[in-house]
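**Student:** okay, sequence plus prediction incoming.
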Amino acid sequence: MRREGTNPDNVQMDDVLCDFCRTSWTEELPLIEGHHGSCVCGPCVTVAYQHVSIGGHDDAIPGYTCSMCLEQRTDPCYRSATHLEAFICRRCIKLAATALEKDEDLVWKRPEA
């Protein structure tokens, strides 16, 4: 997501926010972009992965739409505890985790049980 008032012709790193915690993107904070500017940061991917893939929890409500893929989903998801409109489906959690792991410049590791 973009900070309110962001100039679309001059988007800066700190204008880009995680949809799930609203933290600004920095050189130290890994961020994955979804469709139409949706974003999830590495720490939120970690929480979502632990919650859904390891913990087996599901925050889905009927007809929820994943903030990352923008699809209406029925599979388990993580819902932000602070921004209740933000959902990430299990598929997007796994895709984000894989992308973060493959980035050689990051030290992000997939959480283990």
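**Tutor:** Yep, it's here. This one's a predicted model, so the numbers in the text were calculated from it and none came from an experiment.
**Student:** buried stuff in the biggest helix by length in the chain?
**Tutor:** The single longest helix within the chain, with elements called by DSSP state H, is helix 90-102. Across helix 90-102, burial judged by 16 or more other C-beta atoms under 10 Å covers 90-97, 100. For every residue, glycine as well, the C-beta is placed using N, CA and C.
**Student:** so which elements touch it?
**Tutor:** strand 31-33, helix 42-48, strand 77-79 (3 or more C-beta pairs under 8 Å, 6 or more residues apart in numbering; DSSP states H and E).
**Student:** ok so, going back, what would the buried residues of helix 90-102 look like in TSV with pLDDT?
**Tutor:** Listed next are the buried residues of helix 90-102 as TSV, based on pLDDT from 0 to 100:
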residue	pLDDT
90	97
91	97
92	97
93	97
94	97
95	96
96	96
97	96
100	95
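**Student:** so which strand or helix has the most centrally placed residue in the chain?
**Tutor:** Residue closest to the mean C-alpha point of the chain, counted by C-alpha atoms, centre = their mean, is residue 40 at 2.5 Å. Assigned by DSSP states H and E, residue 40 belongs to strand 39-41.
**Student:** run the chain-centre distance for stretch 17-34.
**Tutor:** Distance, stretch centre to chain centre, for stretch 17-34: 8 Å (C-alpha atoms, centre = their mean, to the nearest Å).
**Student:** renumber starting at 179 from here on
**Tutor:** All right, first residue 179 from here; so that's stretch 195-212.
**Student:** now do the buried residues in it.
**Tutor:** Buried-residue list, stretch 195-212, by 16+ other C-beta under 10 Å: 195-199, 201, 203, 208-210, 212.
**Student:** out of those residues, what pair is the most spread apart?
**Tutor:** 201 and 212 (15.8 Å; C-beta to C-beta).
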